[in-house]
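Visitor: Dropping a prediction and its sequence here:
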Amino acid sequence: MNYYTDNEVLRHYLKHPLMQRIVAMKEHDYSQSAHFNYAPVDFAEAIEGYEMVLNLVGELSADIVAPNAMEIETCGPKLENGRVIYAPATQRNLDAFRQAGLMGIALPRQYGGLNFPMTIFTLVEDVLSRADAAFGNLWALQDCAETINNFGSEEQRERYLPRIAAGETMSMDLTEPDAGSDLQSVRLKAAYSEEDNCWYLDGVKRFITNGDSDIHLVLARSEEGSVDGRGLSLFIVDKKCGAVHTRRIEDKMGIHGSPTCEIVFNHAPAELCGSRRMGLIKYVMSLMNGARLGIATQSVGIAQATYNEAYEYANSRKQFGKTIINFPAVYDMIGTMKARLDAARSLLYETARSVDMTSLFNEVSRERSLTPEERAESKLYAKKADALTPLIKGMGSEIANRNAYDCVQVHGGSGYMRDYVCERLYRDARITSIYEGTTQLQVVAAIRYATSGYYTQLLDEYLAVEVLESLKPLHARISAMVAIYNESLAKVQAFADQEVIDFLSRRIYEMAAYSIMSVLLLADASSDEALFSASLNRFVAIAEAEIASHSIFIGNFTPELLKYYK
Amino acid sequence: MKLHIIVLAKQVPDTRNVGQQAMNADGTINRSALPAIFNPEDLNALEQALQIKEANPGSSITVLTMGPYRAADILREALYRGADEGVLLTDRAFAGADTLATSYAIASAIRKIGSYDIVLCGRQAIDGDTAQVGPQVAQQLGLPQITYSRRIAALQDGKITVERSIENGVELVEAPLPLLLTVDGSAAACRPCNAYRMLRFHRAAIPTEQATADYRYKQSLSSDEALSLKEWSLADINGDATRCGLAGSPTKVRKVENIIFQAKESKRFSADDDDIKSLVDELLANHTIG
């Protein structure tokens, strides 16, 4: 089995026209092959290389990670003397991924990385999360290295990045007992010692994924007496200092292979990463955007797994003399799962490409100043990345949950038993709409792009692109959806009441997301009709119904109704 | 201690997932219906070589295979997993070789390689299942051999201690270097391919491949020597044509039968003496044993 090659949809995203540019920029016009014997000489070789590595990941995911996931459910991580001992099967997964050289895939080659763009990182995480979302977390935390790469000093990059590429793990230590969604209230204390020329951290962090990591990124209060986000700085703490201990591993509903820890910093020596007071407002915001794309990817991987499990079961289970896939009630569920999955994936990779373009322009700007045209383009991509990230994080995770629900439903009574993979997927999916910002917070992050008219503008741009003749009727239906969205948005804005806007924002958010996913799936179908046509036809029908429902709710809404909710 | 290790490998049709089209009507293998893979126990042998190399820095691993040009694929795979060098033994004169002719050609190639400390190979290949080539190579080279190896317990002072599988258990055997080990499937599984090595060594090629129009990495060859795989013919190994290929193969296949086992032909015997005796009598009568 191979989780990459058995899913033709994934390869489609290597063929996107923007990939030519992304790869050329990432490879500095293929000049690195003179210095690194594993750097590609041209675009064709770069793509061939990505495919080879994706093949390897697909094989390891199917042959090692997926079979291990069941074992981890019965034998998870343990706490011994303040240290986390991974589940034996997790350790085997990690060993395999280290030997395979997959622990620093996005890092620059000069620090020992593979220098892959975020779109490829996303494809790897997509494949891996289908096998086991929990192990996907441990693997994907390597992306924290980007923060050191972007904001650390050259000396820090040289010291830490090669260790990460060689397989040392990371964690981002942000949450505290009283600072969850509201990170401005972080209290962990950072004090500078003139004598030792070093920062020391004291305090407690909670709900930290892989909290006993080798290299920690820690958000701490460096400005004594400050109370908000401007008093927070970001620090690097090396586990080797011996002053960070795990006090407890949380007993969670799902993702059992990913230890969630309460950790104690006891006068732990720390290095400042970047500038003081920029911890939350700049670095963590950037870190979180990366993490949100990561959870969106994990959601899509889980949604893929739920679809596969349901499809396979429905094709083998017989009732009333036929396999249950033949019953409309069942094929409706399964066809809908696939449609949601494909739509989420279209949005995921559009987001990943925008994130790539944004960070590539940033990379260039560190070497030379951008031309005015480049600067303008860079801003457009940055805005697109910021606007699409909360859409795919929120919608992707909700879709993973709905798919997981339907997957159990397709299995009937068997789905409620521990014997089938679907019950684990159901529990694993549940966290995706909570961590790295709940769906409700994604709505908060996204709504300004609705009210500013940005999503409308983006939809107009997407709709202006020529599509295949055969898809024009669907194009017209999507245009009609967008008109309804614009109408509802205008009505909500006309209330001119912040509470009303907040109350209705989830519906506006979903209307925008359904429209954008529809039009992106249309673009994918326009470049490969055979691959996406079925999902597109199903998804447009689903999106029309969802948008109509929200439009009716908003159409009938008056501010007086709020009192019935309180 | 720096060691030179030679790993013998074979590209085989993947007979583990045999479908309807796996066999031709004449009983031979339909190679086009089955993917060509690295013989599984040869991968176990490669892993032992990699572990020896890790424990003895400065050691190197040469992978040697005999086959058509496309067998260069498994040399590349060996490089992806950590081998240092690949040699393809290829010549029309080798075609149709039985185990004796094969071991003659391989032994001749090993002589050409020259110095080595350990020759490792899988116990047997999944296409022929003879388990003869390894022992015959040792015989032709006059090397001590340990078959069915599963773990190397110690390696020092020119001696190796190996744990080998025997019926109902294992035994520890000590032998002097150089020697040949055949490794069975109970040994450690081979580590995965490494991404960095794949991105570099997918350009590795034998001279015949390098000369084709679609080979795109001629420039890399000059700066990265390890990309040149060796390709040896009968003449390169100073072989005697009469001892190679069909000409050098005393084994003659008289007839190949396509046997399909069917569940209805199975019989159940209980463990009592009468049943066991009747089973033995039946097997003796149809010449399955005795």
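Guide: All right, it came through fine.

Visitor: which SSE is B:Ile237 in?
Guide: Per DSSP states H and E: B:Ile237 is located in neither a helix nor a strand.

Visitor: Specify the local secondary structure of the nearest residue to it once chain neighbours are set aside.
Guide: Spatially, and ignoring its direct neighbours in sequence, B:Ile237 is nearest to B:Ser108 (4.2 Å; C-beta to C-beta, 6 or more residues apart in numbering or on different chains). C-beta here means a position set from N, CA and C on the backbone, and glycine is covered the same way. Here B:Ser108 is recorded as helix under DSSP: H, G, I helix; E, B strand; the rest coil.

Visitor: show me where the stretch 51-200 of chain B has helices.
Guide: Secondary structure of the stretch 51-200 of chain B (DSSP state H, counting those that start in this stretch): helices located at B:72-81, B:99-113, B:133-141, B:195-201.

Visitor: want to try CSV for those, with mean neighbour count, distance to B:Ala271 and mean pLDDT as columns?
Guide: Below are the helices of the stretch 51-200 of chain B laid out as CSV (neighbours: other C-beta atoms under 10 Å in any protein chain shown; distance: least, C-beta to C-beta, whole Å; pLDDT from 0 to 100):
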stretch, mean neighbour count, distance to B:Ala271, mean pLDDT
helix B:72-81, 24, 45, 98
helix B:99-113, 22, 38, 96
helix B:133-141, 21, 36, 96
helix B:195-201, 23, 52, 98
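
Visitor: Pull the contacting residues for the nearest residue to A:Glu363 once chain neighbours are set aside.
Guide: Computed as C-beta to C-beta, 6+ apart, the closest residue to A:Glu363 that is not its neighbour in sequence is A:Met25, at 7.6 Å. With contact set as C-beta atoms under 8 Å, 6 or more residues apart in numbering or on different chains, A:Met25 has these partners: A:360, A:363-364.

Visitor: helix, strand or coil for A:Met25?
Guide: Of the three states, A:Met25 takes helix according to three-state DSSP.

Visitor: what separates it from chain B, distance-wise?
Guide: Distance, A:Met25 to chain B, by C-beta to the nearest C-beta, to the nearest Å: 19 Å.

Visitor: Span of stretch A:19-35 from start to end?
Guide: 23 Å (C-alpha to C-alpha, to the nearest Å).

Visitor: May I see the buried residues of that stretch?
Guide: Of all the residues in stretch A:19-35, those buried under the rule 16 or more other C-beta atoms under 10 Å in any protein chain shown are A:19, A:22-23, A:25-27, A:30, A:32-33.

Visitor: now it: mean pLDDT?
Guide: Averaging pLDDT along stretch A:19-35 yields 96.

Visitor: again, but for stretch B:60-68
Guide: Computed over stretch B:60-68, the mean pLDDT rounds to 97.

Visitor: do stretch B:279-290 as well
Guide: Here the average pLDDT along stretch B:279-290 is 84.

Visitor: Need the CA coordinates for that stretch. CSV is fine.
Guide: C-alpha atoms of stretch B:279-290 as CSV (Å, rounded to 0.1, in the frame of the first residue of the first chain):
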residue,chain,number,x,y,z
LEU,B,279,-1.1,-39.6,7.1
VAL,B,280,2.5,-40.9,7.0
ASP,B,281,1.3,-44.0,5.1
GLU,B,282,-0.5,-41.8,2.6
LEU,B,283,2.5,-39.5,2.1
LEU,B,284,4.8,-42.5,1.6
ALA,B,285,2.4,-44.0,-0.9
ASN,B,286,2.2,-40.9,-3.1
HIS,B,287,6.0,-40.4,-2.8
THR,B,288,5.7,-37.0,-1.1
ILE,B,289,8.2,-38.3,1.4
GLY,B,290,10.5,-41.3,1.4
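
Visitor: ok, and what's touching that stretch?
Guide: Residues from elsewhere that reach stretch B:279-290 (C-beta under 8 Å, 6+ apart): B:Phe269.

Visitor: can you rerun that using 10 Å?
Guide: By C-beta atoms under 10 Å, 6 or more residues apart in numbering or on different chains, the surrounding residues in contact with stretch B:279-290 are B:267, B:269.

Visitor: Work out for me the element the residue in the stretch 301-450 of chain A positioned nearest to chain B sits within.
Guide: For the stretch 301-450 of chain A and chain B, the shortest gap (C-beta to the nearest C-beta) falls at A:Glu312, measuring 17.9 Å. Assigned by DSSP H and E, A:Glu312 falls within helix A:285-316.

Visitor: ok, then the element right after that helix?
Guide: Next element after helix A:285-316 (DSSP H and E): strand A:318-319.

Visitor: Tell me the spacing between B:Val12 and B:Gln51.
Guide: Counting by C-beta to C-beta, to the nearest Å, the gap from B:Val12 to B:Gln51 is 23 Å.

Visitor: what do you get for A:Val65?
Guide: According to C-beta to C-beta, A:Val65 stands 23 Å off from B:Gln51.

Visitor: who has more neighbours, the two?
Guide: Neighbours per residue, other C-beta atoms under 10 Å in any protein chain shown: of A:Val65 and B:Gln51, the larger number sits with A:Val65, 29 against 16.

Visitor: got the contact list for the more buried one?
Guide: A:3, A:57, A:72, A:89-90, A:92-93, A:96-97, A:127-132, A:134-136, A:139, A:257.

Visitor: Mind doing that once more with 7 Å?
Guide: By C-beta atoms under 7 Å, 6 or more residues apart in numbering or on different chains, A:Val65 lies in contact with A:93, A:128, A:131-132, A:135.

Visitor: Ignoring the adjacent residues along the chain, who's closest to it?
Guide: A:Ala131 (4.0 Å).

Visitor: cool, and A:Tyr454?
Guide: Using C-beta to C-beta, 6+ apart, the closest residue to A:Tyr454 is A:Ala387 (5.7 Å).

Visitor: So the one you found, which state does it fall into?
Guide: helix.

Visitor: next one: B:Val12
Guide: At B:Val12, secondary structure determined by three-state DSSP is strand.

Visitor: My read is that it contacts B:Pro35, right?
Guide: No - counting by C-beta atoms under 7 Å, B:Pro35 is not a contact partner of B:Val12; they are 9.9 Å apart.

Visitor: who has more neighbours, the two?
Guide: Per other C-beta under 10 Å, whichever of B:Val12 and B:Pro35 has more neighbours is B:Val12, with 25 against 10.
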